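Undergrad: quick one, what's the 3D model for this:
(2 chains)
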Protein chains: 2
Amino acid sequence: MQLAEIETPALVLDVQKMDRNVARMRAHLAELGVALRPHVKTSKAIDVVRRTLGTDSGPITVSTLKEAEYFLGHGITDMLYAVGITPNKLDHVLRLQQAGARLRLILDNEEAARAMVAKIKASGAAFEVLIEIDCDGHRSGVKPDAPELISIGRLLHDGGATLAGVMTHAGSSYNCESIDAIVRMAEQERSLAVHCAQRLRAAGLPCPVVSVGSTPTATYARDLTGVTEVRAGVFVFFDLVMAGIDVCRLDDIALSVLTTVIGHQADRGWIITDAGWMAMSRDRGTARQKLDQGYGVVCDVHGTPIPGLIMDQANQEHGVLAHRSGDPRQTPHLPVGTLLRILPNHACATGAQHDRYHVISGDAPVQAVWPRFSGW
Amino acid sequence: MQLAEIETPALVLDVQKMDRNVARMRAHLAELGVALRPHVKTSKAIDVVRRTLGTDSGPITVSTLKEAEYFLGHGITDMLYAVGITPNKLDHVLRLQQAGARLRLILDNEEAARAMVAKIKASGAAFEVLIEIDCDGHRSGVKPDAPELISIGRLLHDGGATLAGVMTHAGSSYNCESIDAIVRMAEQERSLAVHCAQRLRAAGLPCPVVSVGSTPTATYARDLTGVTEVRAGVFVFFDLVMAGIDVCRLDDIALSVLTTVIGHQADRGWIITDAGWMAMSRDRGTARQKLDQGYGVVCDVHGTPIPGLIMDQANQEHGVLAHRSGDPRQTPHLPVGTLLRILPNHACATGAQHDRYHVISGDAPVQAVWPRFSGW
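TA: Here you go, the predicted model:
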C-alpha cells in the first residue's frame, strides 16, 4: 500500500527514524550504566514498545491502568504506574496483580499511604511503592528535604507495603532554553533523587530503586551515579517541542499526520486541509518556544519540510496552512488533492487522536498498520 | 451505579441539562420556521443524536466519513458531510451511497468540481453537492460575489451532479464579544447565504437548499428568511467557550470530567488530580476570552462550581488545580480521594478524548453508559 491509498487524515510512523531514536537512547543509557524503563504513554502500542525494549517482557512505565491492562495482556509484567495512586484505584491494581502483573505504584503523601496501609490490613494485599520526589517544583512530589519523606516511608514500611524506592520526573526540562540548562537539570534530577534515597536508607528504610527521567534529561545526562533506571517516553517519536529545545533535529521526528489539500483562500495565502486539531491535537507546545510552529510543520508527502509553511490555524476537521511570514505570496501553490505530512508539536498528544499507525520506512510503501489505543 | 464507583478520569453527561439545551434550540428554530440538521461531530454517539433529533432517521451533519458510516449503521440516512470533498474520498462516498446513505457533499473550488465531474463520467456515479460560501472570512468557501460561484455551479450542473444548494458556517461567531455582535453575525450569515442562492437561481441554476449554522448564530438568529436548514453542534452539551460569550450559562454545561484528587503542593496552593490534558483535551479556547478558565472550571461531585477554582495547568495524566487569584491561601483543602467534576473549555474536544459517556440526571445515580467513537 502506498501513502496515496490511505484515507486522510491518518497517522504515519517512519520506523527507520524511530529505530534510530531508540538505538541512540539505549546506547547512551548503556554507557551510563542504567536501565531504560520506557514510558509507553507516548505510543500505547505493543509493536512500538517491543521494538523499544528489544525484548518481550519489560520493564515499562505506564500512565494509566488501562495501559497496564493492555500491556499485561501482551505479556509485559514489570510495570511502574507513574501517577499518584488513590484509594479508589487499589482494587483495580489488585486485579492486575492477580492476573500476573508486577505493578509498582507511586505516592507522595501520608493520606494515600494510610489508605494503602488500611487496604493491606483489610485485604492482606501486597503493594510495592515508590515515593515520588519533587526535584524541580513543576508538579507532584515530596520536597527533597521534607520530613514527610521519612514519615511516609515509615508508614508504608511499618504498614506492610514494600518500600521499593524513590522516583522523580524533571518535567521542567521541557522549558529549558539551552542544552547546558538541560545538562544542569539532569544533574539536579539525579542528585536530588539520590539524596532522597540516602535519607531513606539513613533512616533504616529500604530504597533499592532510584528512578528518574524525562526525554530531555535522559538525552543529556552526563552521569547517573546512584540511579538505577531511567524513564522517558517521547524520544521514540520525538516532536517539534523536542526539536525546539535541541533534544532532536527536525529530521528525527518519526511521527506525522498525512493530510489532503481540500481548498484555498488565495488572497490570504491559505491552503485548507482535511487535518485539523482533531488529527493534530490542540497541543500548541511550541507557542512558548523561540520558534512558534503553529499546529505543525508542513512537509511534502516524502516528509521533507516545505520552507516556511506551517499549520497556522486549526478547526476540528480543517487545517489552515500559511507561510510563517504571513505574506500570502510566499505560500506555494499546492493543488486540491495534494498529499502533505504535518510534523506534530507533541507526539503523545497527536498520537492519542488516532487508533493506528501507518508504518513506513523512508520512501518505501506502507509495510504495516499497528493498532494503538486511548482512554481509560 | 454511583459516580464514586467509576474509575477516574471519566466523562459525565447530565442528560437533564442536555435535554433542556436541545429543547431550547428546537423551539427557537421551530419559531423561525427552519429545520435543524444537528452536527454530530460534538457527541459522536447515537444515543445523544437520537435524543437531539427526536426521531431515528435524521437529518444530520457529519465531519468525517467514519461518522457517516457509523450513523448509517444506526439507520440514519440523510447526511451532509460538511468538509470540502477531495477526489481521494469519492470512492468511499460511493460505497456509503450503495449502503443506503443519502450523503450530500460540499466543495468550494473548480478543481474539486472537475474531479467530481470526471468521476461521474468515469463511473456513472451520482452526487448531490452544496457549494460552500465564505460568509465571514474565517476559513473555507467561495466569496459571496465571486464569479466562481456561478462557474462552479455550472460545472457541477452541466457535468451531471445534482446541485443541491449552498451552505455556510459563521465560525467567527465564536469570537464575538457581545450578543449584539452575534445577532449581527447571524444576519450576515443568513443574508450572504441567501444572496448566493439568489445568484445561482438568477443564473438558471437550481438551489433548493440554503444551509447555515453555528451554535452562537443559531441561538441568537432573529430571522432566517430564505434559509432552509440550520446546522449546529455544541449546543447539545455547551461548554466554557460558549458560556464566555453568553451563548449559555455555566449551569447549562451538560458535560464534565470526573476526577480524583491525588495529592497537593500546599505551599503553592495546588491540588493535583488524575485528569490532565488527556482527559480534558489541550483546548484552551477561553484563553482568548475575557475570563480565562485555564483547562476548566472545578466543581464538586454534584456539579456545583467551587468559587475561583480552575484547572490551572495540565500534564498528560495530571491536572493542577489552583485558585484563579494565584493566592495559595484561597485554595480550599480537598483531601486525597475527593471526587471533583471539571467543566470543559470545548465539549467537542473533551468528548473526543473519551470512549463513553456516564449518563446522569442531576444528582441521581448513573443511569446508562453511552458509547462514543473517535478517529477516521
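Undergrad: what does the stretch 201-350 of chain A put close to chain B?
TA: For the stretch 201-350 of chain A, the residues found near chain B under the criterion C-beta under 8 Å from any C-beta of the partner chain are A:260-265, A:268, A:272, A:274, A:277-279, A:281-284, A:315-318, A:320, A:335-337, A:346, A:348-349. Backbone N, C-alpha and C define where each C-beta goes, glycine included.
Undergrad: among those, name the buried ones.
TA: Buried residues within these, counting neighbours by 16 or more other C-beta atoms under 10 Å in any protein chain shown: A:260-265, A:272, A:274, A:277-279, A:281-284, A:315-318, A:320, A:336, A:346, A:348-349.
Undergrad: among the residues you listed, name the ones in helices.
TA: A:277, A:278, A:279, A:348, A:349 (DSSP state H).
Undergrad: could you export the residues you listed as CSV, including pLDDT and distance to residue A:159?
TA: Conversion of those to CSV gives the following (pLDDT from 0 to 100; distance: C-beta to C-beta, whole Å):
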residue, pLDDT, distance to residue A:159
A:277, 98, 46
A:278, 98, 46
A:279, 98, 47
A:348, 98, 35
A:349, 98, 38
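Undergrad: looking at the residues you listed, spot the one nearest residue B:185.
TA: The shortest approach to residue B:185 among these belongs to residue A:277, at 22.1 Å (C-beta to C-beta).
Undergrad: and the nearest residue to that closest one once chain neighbours are set aside, what are its bridge partners?
TA: Nearest residue to residue A:277, sequence neighbours excluded (C-beta to C-beta, 6 or more residues apart in numbering or on different chains): residue A:314, at 4.0 Å. When assigned by DSSP bridges, residue A:314 has beta-bridge partners residue A:319.
Undergrad: for chain B, see how far away residue A:314 is.
TA: Residue A:314 sits 10 Å away from chain B, going by C-beta to the nearest C-beta, to the nearest Å.
Undergrad: ok, residue A:371 next?
TA: Relative to chain B, and taking C-beta to the nearest C-beta, residue A:371 is found at 11 Å.
Undergrad: does that residue really touch residue A:48, like I thought?
TA: No: with contact defined as C-beta atoms under 8 Å, residue A:371 does not reach residue A:48; the gap is 10.6 Å.
Undergrad: more neighbours, the two?
TA: Under the criterion of other C-beta atoms under 10 Å in any protein chain shown, the comparison of residue A:371 against residue A:48 puts residue A:48 first, with 25 against 11.
Undergrad: may I ask which helix or strand encompasses the more buried one?
TA: helix A:46-53 (DSSP states H and E).
Undergrad: what packs against that helix?
TA: Applying 3 or more C-beta pairs under 8 Å, 6 or more residues apart in numbering or on different chains; DSSP states H and E, we find helix A:46-53 packed against helix A:15-32, helix A:65-73, strand A:356-360, strand A:368-371.
Undergrad: got a markdown table for the ones you listed, with mean pLDDT too?
TA: Formatted as a markdown table, the helices and strands packed on helix A:46-53 follow (pLDDT from 0 to 100):
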| stretch | mean pLDDT |
| --- | --- |
| helix A:15-32 | 98 |
| helix A:65-73 | 98 |
| strand A:356-360 | 98 |
| strand A:368-371 | 98 |
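Undergrad: out of those, flag the one nearest residue B:64.
TA: Here strand A:356-360 is closest among the helices and strands packed on helix A:46-53 (C-beta to C-beta), at 15.0 Å.
Undergrad: please list the outside residues in contact with that closest one.
TA: Residues from elsewhere that reach strand A:356-360, judged by C-beta atoms under 8 Å, 6 or more residues apart in numbering or on different chains: A:3, A:6, A:10-15, A:45, A:47-48, A:258, A:351, A:366-372.
Undergrad: could you redo the last one with a cut-off of 10 Å?
TA: Strand A:356-360 is contacted from outside by A:1-3, A:5-6, A:10-18, A:43, A:45, A:47-48, A:237, A:254-256, A:258, A:303, A:351, A:366-373, B:375-376, using C-beta atoms under 10 Å, 6 or more residues apart in numbering or on different chains.
Undergrad: list buried residues within those.
TA: Buried among those by 16+ other C-beta under 10 Å: A:3, A:6, A:10-15, A:17-18, A:43, A:45, A:47-48, A:237, A:254-256, A:258, A:303, A:351, A:366, A:370, A:372-373, B:375-376.
Undergrad: residue most distant from the centroid, chain A?
TA: Note on chain A: the largest C-alpha distance from the chain mean falls to residue A:267, namely 39.7 Å (C-alpha atoms, centre = their mean).
Undergrad: mind checking the SS state of it?
TA: helix (DSSP: H, G, I helix; E, B strand; the rest coil).
Undergrad: that one: what's its closest spatial neighbour, skipping adjacent residues?
TA: In space, residue A:267 is closest to residue A:328, 6.6 Å off (C-beta to C-beta, 6+ apart).
Undergrad: surely that neighbour meets residue A:265?
TA: Yes: Residue A:328 lies in contact with residue A:265 (C-beta atoms under 10 Å); the separation is 8.9 Å.
Undergrad: ok, back up a step: got a markdown table for the helices and strands packed on helix A:46-53, with distance to residue B:214 too?
TA: Listed next are those as a markdown table, based on distance: least, C-beta to C-beta, whole Å:
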| stretch | distance to residue B:214 |
| --- | --- |
| helix A:15-32 | 40 |
| helix A:65-73 | 35 |
| strand A:356-360 | 32 |
| strand A:368-371 | 35 |
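Undergrad: which of the ones you listed sits most buried?
TA: strand A:356-360 (a mean of 22; mean count of other C-beta atoms under 10 Å in any protein chain shown).
Undergrad: between that strand and helix A:15-32, how many degrees?
TA: 90 degrees (axes from the mean of the first three to the mean of the last three C-alpha atoms, to 10 degrees).
Undergrad: what values do phi and psi take at residue A:171?
TA: With angles defined as degrees, to the nearest 10, residue A:171 sits at phi -60, psi -20.
Undergrad: tell me, how many residues neighbour it?
TA: 20.
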